[in-house]
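In: Got a sequence here, can you build the structure:
(chains A and B)
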Amino acid sequence: MIFIAYLTKRPFIALLVFVLLMSLTNVFAQEYTLLPDTVRLEDVIVVGYATGSDRTISGAVDKVDEEDMNRGKISNPLDALRGKVPGVHIPPPTNGPAVLDAVRIRGTTSLTGGNDPLVIIDGVFGDLNMLRAVYPADIESFTVLKDASETAQYGSRGASGVIEVTTKKGKMGVFSITYNGRYGLESVYRNLDMLSGNAYRRLAVEQQVGIVDLGNDTNFPDEMVQMGHIQDHYIAFGGGSESSNYRASVGFIDRQGVIRNNAMRNFTTKVDITQRAFQNRLVLDIGVFGSLLKNKYLNDYQKTFYSAATFNPTYPNHKNPVTGAWDQVTNASQITNPLAWLEVKDDESNAHINTHMKLVVHLTEQLKLTAFGSYTYNVVENSQYLPTSVWGGGQAYKGTKKTEYLLGNLMLSFRKDVGNHHIDALGLAEAQKNTLSGFYTTVTNFTTDGYGYDNLQAGAVRLWEGTASYYEDPRLVSFLGRVNYVYGGRYIATVNARTDASSKIGANNKWGFFPSASLAWTISEEGFMKKYPVIHNLKLRVGYGLSGNQDAIDSYTSMQLMKPNGVVSVGGSPTVTMGTIRNANPDLRWEVKQTFNTGFDLALWTNRLMFKVDYYISKTRDMLYLYDVSVPPFAYNKLLANLGSMQNKGLEIALGLTPLETKEMDLNINVNLTFQKNKILSLSGMYNGEVMSAPNYISLAELNGAGFHGGYNQIVYQMVGQPVGVFYLPKCTGLVPNATGGYTYGIADLNGGGVSLENGEDRYVAGQAMPKVMLGSNIAFRYKRLDLALQINGAFGHKIYNGTALTYMNMNIFPDYNVMQEAPERRIQDQTATDYWLESGNYVNFDYLAVGWNIPLSEGWKKMVQAVRLSFSVNNLGTITGYSGFSPMINSYVVNGTLGTDDKRNYPVSRSYVVGLNVQF
Amino acid sequence: MNATKTNRMILILSSLFLFSCNSFLEENPRDQLPEKEIYTNANAMYLNTVATLYNYIGGYENSQGLQGTNRGVYDLNTFTTDEAILPTRGGDWYDGGFWQGLFLHQWGTKSSEIRATWEYIYKVIVLSNKSLETLDEYKDKLTAIQLSAWQAEVRAFRAMYYFYLMDLFGRVPLVLSSSTPMSEVRQSDRGEVFRFIVDELMAAAPHLPLERSNHQGEYYGRVTRPVAWFLLAKLALNAEVYTHDQWTTTSRPDGKTIYFRIDGEQYNAWETTIAYCDSLAAMGYRLSDNYISNFAVFNEFSVENIFTIPMDKHFYRHQMQNLFRSRHYNHAKAYGLGGENGSSATIEVLDTYGYGTDSVDTRFTICYFADEVHDLKGNKILLDNGEVLVYHPREVKLDLSGSPFEKTAGARMKKYEIDPKATKDGKLSDNDIVLFRYADVLLMKSEAKVRNGMNGDAELNAVRERVGEPWREATLPRILDERQMELAWEGWRRNDLVRFGLYTRAYHSRPQLPDEANGYTTVFPIPEDIIRLNTNLKQNPGY
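Out: Got it, this is the predicted structure:
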C-alpha cells in the first residue's frame, strides 16, 4: 500500500512500473503467431518530394496511419496526432473548443517566429490553419519529418519540422460509402473555488470593512458554464476503375463549448479524382478541398475568467431590472461583470479553398516527370462587438484578411534497380507566391448595442489608427536535387541539396543553400544476423543537414520605407503625415539550423517489440531576433537582425509492444518519451561593424491584473546560457508576519546590499518553463469485436508559476475583488512575485478511454453493409499532478506572454462523453 | 542539334530563367513607400519632414509624448515631487512598487519606464536629425526661404527635446546625425549640452514665424518664435543648474556670472530670462481674465497659453490620461467617463494652498476635487454602496491599503474643464494640453528679478491679482509657493524644486535617501540597459 501511495505521488515512475509489468506479461505470452509482419515496414512513405519505404529511407521519419490515430473527441486533424510521435508536441485541448494552438516539433528552435511546422496536404503547402480545412477522417496518414536530413528538402521552411498529410483516395475496383457520426456532451468537473456570497459577507463583517451587498449568493465561475455539445457528421464515397478513381466527402463538426457563447462549427468538403491514360504512362490528379470554419471566441480570456473569479458574489446573476444593465463593481477597475463579458461578440469566419493538380508522365521505365500546381484562397473575417456595458461607448471591429497561395513545381525523378543497387534521384524547380491583403476598421461611440458589429454606421467615432489596409506578396524560388542510393537492401545513403531565394531577404543574401546527407545500415539484412532470428529488424541511422527559417521576417523589413504615422494640424486642418516606423536592416539573412541526428530501429520477435530511438543535436545560428539596440544612434529600440545561436538536444524513444496477439485478443502498448534540452548559446554578434548583444535577461512573461502593471512582475525570462523560458525570481524565505496580523512574503537578500526587487536584483534561476520530458502512451486492447484504447500523455521536469493563487490569495484585494476560499485563513497580504508560488508542473493526463464494438452482421445485411461500428469515449478523464493550481496544462511550450504562467486564465476543466457510429457500405 | 547547340540552348534558357527569377524576387511594396516616392514636392517635404514630427509631441501609449500619457516625461517631473502622489490603494496602483519608487526617489537604474522615456526623447531627436538631412538632400525642391524656415523649425523642435532630455538626465550624448555610428555616441557635459540648446534656439528663432502657436490656423501646435523664447527664458532661469557640471561635488555657479549674448549685448542669466520674458510680453501675451479659460474645452482662444498639444477627439490621436487616472470611478462615471481612481495632491500641496484654513487660495477649488463632489447637474455622486462620494485630502499616504479611505483619500486633479463628450473613457477630449503659458513667464520674470537683486513684486502680484489673492512681497520661497499654486499639474515641479535646491529634502511620507543631500537624484540615472548597449556611456554620479 505504501508503494502505491508512493506511486500516486510520482506518476512518472508509476507509469514506468506499469510499462515494465506489462512487458513482463510478454514473457508469459509465448504463443507467437509468427505471421510475417513486414507489411508495415514496406508501407510506402511519402517523404517530401520523394517516395520510399522504411527499407529505403535513411532519415528519421515517423508515420502515423489511421489505425494509430487518436479516437474519442476529435475536433481537428491535430487531435488525431496528439501524443503519437515523440518530439511532436500538440497542446492539450483544454482551452475551449476552438483554439488550435501552436505545435512544436523538437521544441523551440527560433526566438522570433517560424516555430510552427510546415504543413503539407497532398503536396499543398500551408500552415496549421490549413489543417483545419480537412476533416480528420479524410486523412489516411501523417508523416512527420523532424530531422534536417529530411526537412532539408523544404529548405527555407523546414527548420521547425514538417507534417505531411496524405488523404484518402478512391481505390481501384472498390466502391464505398462511409458515414461517421458522433454525438457527445461535455461538462465542467473543476472550477475555481472562490468565497461564496455568504462567506464574503461574513468575512466583511469579521474584518470590519464596508462592502456593497446586493443580497445574492452568486457563484460567478459556475454561472459562466453550460453543458457543452459535440456533434459530428461525415459522409464520404469513392470508387474506381482501371483508368480512374475518385473520392468525395463532406464533413460537419459542431462544438458548443462549456463556456456560454464559446462555440465552433466547421464544414468541410473534399474531392479527389485521378485519371490514368496511355497505358498508365500519364497520371492526372485533381484535388479540391475547402472548408468554412466559424468560431465564437471568448474575446479576452484573462479578463473573462479574472472577472468571473473575483466579481462580488453578492451581485445577482441577472441584469439590474431598474437600469436594464449589468451592475458593476466600480472600485474594481480591472474587472467587469463577467456575465456582461459573455455578451461580447468575437466571431470569426475562416474560409479555405484549395485546388491542386498533379500531372505525372512516365517518360521511360526509370524516368518520371511531375508537374504540380496548387492555389489556395483563404479569407478570414473577424467581427467583434464590445457592448457599452464592458467598453465605454461600445466598440465594433470588422476586418478581413485574404491570403492567396500560389505554388508550382516541376520535378524530374529517376529510379533504377541494377542487381544489388537501387538508385532514385530527383531534380526539382519550385516557385511560390503568397499574396496577403486585408483591411479593418474600428468604430466606437454607440448609443445602442442593438446593431452589434452589423451596422458600423451606428457608431459615431472612427479612430484614425483603427482603420487600415495592407498588401504584401512575398515570393520564393527553389531548386532541389536529391539522390537516394541503396546497396543490397542494407546500406542506404541519401543526399539532398536545396537552394532557396526569398524576396523578403536583403538583396545581397537572397539565396540560401540547404544541403543534407544521411546514411543508414540495416544490420538485420546482413548474413551474419541470420543467427539471431529474434531480431526482425535492426537499422542504424545517422544524418546531418541544414534547414532555414524566414518566417520571422516580415515583408519589406530589409528596406527603409515610409508609412502614415499620424495626423497633425497643417495649415489648420488635420493632415496625415508619413514617417519611418522601424529600423530597417538591409543585411537580413536566412536563419539556419543545422541538425545532427542518429538513431536506430529495432524490432524483435517479428515486431512484437519495436523500439525506435533517436538522438539529435541541433544548432540554430544567424538567429533572427528582434534585438534591443541603443537609442541613440538608432531611432527605434528594436532591430531584426541575424545574431546569436541556440542549441537543442533531444532523445526520442518510441516503444511498441504487442504482448498478446491472438485471433481473439490483441494487446498493444505504445509508449513514447521525449527528452528535450534547449539552451540559448549567444545573443550577440556583429552588426554594421559594431558589437551588438541582447540584455543578460529579457522578460518573456509577466503577471497582469490590478496592481500588477509595470513594476517587477516579470516571471519568465530568456537568458543566455539557459533554456528559453526560465523562471527568474526573488527567493521567498517564507511568510513573515506584518503589523496588521497578516503575512507578507519574506525575500532573501541574494546578492547582498539589502533586498531589492528591481529587475535582475536578488533573483535566481528557479526552474524552466518548458518540460524536460514528455510522454505519450497508448494502450489498445481487443477482445473479439470489442476494442478499448486508453491514451495517456504527460510532461515532466518543468515548473509553473501560480499567478492565479498569488492574486486570489492576497487579502489586500478584498473586498473589491473576491478571494479564494482558503485566502482568509492564510491571511497573506501581499502580491509580490516571488518563488513562493512556483510549483512543479509534472502531470500525467488521461486523455481518453475509448471503447469500440464492431457489430456482427447477418449475411443478409452484409450484402448492403460492410461494417458497422459503435464507439463510446470519455475524454479528459483526469489528471494526476502535484500542481496545486487549477490545471497544469497551461502554455508550457510556446514562447509568448503566457509561457509558464498560470495567471487568471482559468478555462474550466471539462470532461466529455462521446458516442460514435461508423457505417461502411 | 549537336551537343554545343544544346549546351548553348541550355545556357540561354537558364540565364533567361535566372533573370526572370531576379525580378520575381524583388519586393515592390505597396502599403509602404520608398522615400523618393514621398518627397516629391515642397508641400510633401514639409508634411513629411517637419509636420510629421508633431505626431510625437503628445501620445497615447505609455512614456510617449511630453504630457497627457503615463510613465513618461510628465510623470518623472511630477510624481517624484511634493506636488503629487499616486498612492497604493489595496489591489490598485501598487504596480510592482513603481509609483512608490518614484515618490521615494528609489527608481533604480534599471527602470523600464525611465528607459522608455529616454528612448522616446531620443527617437524624436534622431527623427529630427533625419528630417534635417532629408531637407538638405532634397533642397532643390525648395525655395531658400522654405529651406531656412523649415530647417529652423526642426532645429528649434529638436532643441526643445534636448532641453527635456538634459533636464531629466544631465550628461547626455549630443547626436546630430541619423547615421552617427554607435562608437561616436558619447556624452557631453551638461553645460555643453545646455550651450548647444541655447545656441540652436537663438540661431533658429529669427527664422521662426513671429506667430502664436496655441491659436487654431496656420501655426497651430507648431514651434514658433515665442515658443523658442519661452524655452530660452526657462533655460536661462535654470542656467545655474544646467551649467553645474559636477553637481554632486562642487558648488553651483552663480547666475550673475553666467553670460549670454543677445543681439550683440551681453546679459547674465537673470537678465537673459527677463529679456525673453519681455519679448513675450511685447508680442501681446497676457494673463487671461479668467484662469479657468486657459484649460477650457475650447482653449485655443486663450491669450495666455503659448504652446499646447492640440487635442481633438475626432482628428488627433493624442490623449489626456491625467484626469482619467485621477478621478474616482464613480466620479468619472457621473460625467459619463472612465476613471482609475489614482493620483492625488500631497499634504504639502494642501498646506501651500491653505486647505482647511480660513484663507484657502482660490485656485485650490479650480485645480482640485476635494471633499464632496458633484456631477454636471450638481447632484451628489454616490458610491456603489449608496454612500455619498467624499474625497478626504488629508488622509493621503503612500500606501492606503486597508485604510478606511483606501479609495477616497486624496484631493484629485481637476484643472481642465470637463469635456462630457470626450471619448475613450475621457482620454480623448478637446481641451488642448497646456505646456507653456504666460503666467509661468511672469513668475519666471519675478524670480529672475529677485535673484538679480531687483524687485519682482509686480509680476508675482499680477498673477495673484488675477485670481483675487492679496498682495505679497516677492521673495524666493513665496515665488516657489506661487508656482506650486499657479502651475499645479503642469509638469514643472521637479524643475522648480531642483532650481530651488529643495528637490532632495524630506517631506511628508518621504524621507531623504542616504547621500541624497549631495543632489545625485536631481537627475535620473542613464538607463542601465542603454549603457549596456553602448558601453561608452557613463552613469551619472551617485547611481
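In: how close does residue A:909 sit to residue A:889?
Out: 8 Å (C-beta to C-beta, to the nearest Å). Placement of C-beta: from N, CA and C, glycine included.
In: same check, this time on residue A:50
Out: Distance of residue A:50 to residue A:889, computed by C-beta to C-beta: 37 Å.
In: Same check on residue A:640?
Out: From residue A:640 across to residue A:889, the span is 33 Å (C-beta to C-beta).
In: Neighbour count: those two, which is higher?
Out: The neighbour comparison of residue A:640 against residue A:889 (other C-beta atoms under 10 Å in any protein chain shown) goes to residue A:889, with 24 against 19.
In: in what helix or strand does the more buried one lie?
Out: Using DSSP states H and E, residue A:889 falls within no helix or strand.
In: I'd say it and residue A:876 touch.
Out: No. Using C-beta atoms under 8 Å, residue A:889 is not in contact with residue A:876; the gap is 9.4 Å.
In: So for stretch A:189-197, first residue to last residue, what's the gap.
Out: Counting by C-alpha to C-alpha, to the nearest Å, you get 21 Å between the two ends of stretch A:189-197.
In: From the chain's centroid, how far away is that stretch?
Out: 29 Å (C-alpha atoms, centre = their mean, to the nearest Å).
In: swap in stretch A:765-779?
Out: For stretch A:765-779, the distance to the chain centre is 15 Å (C-alpha atoms, centre = their mean).
In: avg pLDDT for that stretch?
Out: Mean pLDDT, stretch A:765-779: 93.
In: what do you get for stretch A:309-322?
Out: Per-residue pLDDT over stretch A:309-322 has a mean of 94.
In: got the buried residues for it?
Out: For stretch A:309-322, the neighbour count (16 or more other C-beta atoms under 10 Å in any protein chain shown) marks A:309-316, A:319 as buried.
In: do the same with stretch A:733-751
Out: The neighbour-count check on stretch A:733-751 (16+ other C-beta under 10 Å) flags A:735, A:742-747 as buried.
In: Put the alpha carbons of that stretch into CSV.
Out: Provided in CSV are the C-alpha atoms of stretch A:733-751 (Å, rounded to 0.1, in the frame of the first residue of the first chain):
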residue,chain,number,x,y,z
THR,A,733,12.2,32.9,2.8
GLY,A,734,8.7,32.2,4.0
LEU,A,735,5.7,34.1,5.2
VAL,A,736,6.6,37.0,7.5
PRO,A,737,4.0,38.4,10.0
ASN,A,738,3.2,42.0,9.4
ALA,A,739,1.8,44.7,11.6
THR,A,740,-1.8,44.1,10.8
GLY,A,741,-1.9,40.4,11.8
GLY,A,742,-1.3,39.1,8.3
TYR,A,743,1.7,37.8,6.4
THR,A,744,3.9,39.1,3.6
TYR,A,745,6.4,37.2,1.5
GLY,A,746,9.9,37.4,3.0
ILE,A,747,12.5,37.9,0.4
ALA,A,748,16.1,36.7,0.6
ASP,A,749,18.9,39.1,0.0
LEU,A,750,20.6,37.0,-2.6
ASN,A,751,23.3,39.4,-3.9
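In: got the contact list for it?
Out: A:730-732, A:755, A:757, A:761-764, A:811, A:826-830, A:832, A:834, A:836, B:402 (C-beta atoms under 8 Å, 6 or more residues apart in numbering or on different chains).
In: Any idea what residue A:162 is bridged to?
Out: Residues in a beta bridge with residue A:162, per DSSP bridges, are residue A:118, residue A:145.
In: Could you tell me how far it is located from residue A:907?
Out: Separation of residue A:162 from residue A:907 (C-beta to C-beta) stands at 30 Å.
In: nearest residue to residue B:385 other than its sequence neighbours?
Out: Leaving aside its chain neighbours, residue B:385 sits nearest to residue A:212 (4.5 Å; criterion: C-beta to C-beta, 6 or more residues apart in numbering or on different chains).
In: So that neighbour versus residue A:832, what's the distance?
Out: For residue A:212, the distance to residue A:832 - C-beta to C-beta - is 28 Å.
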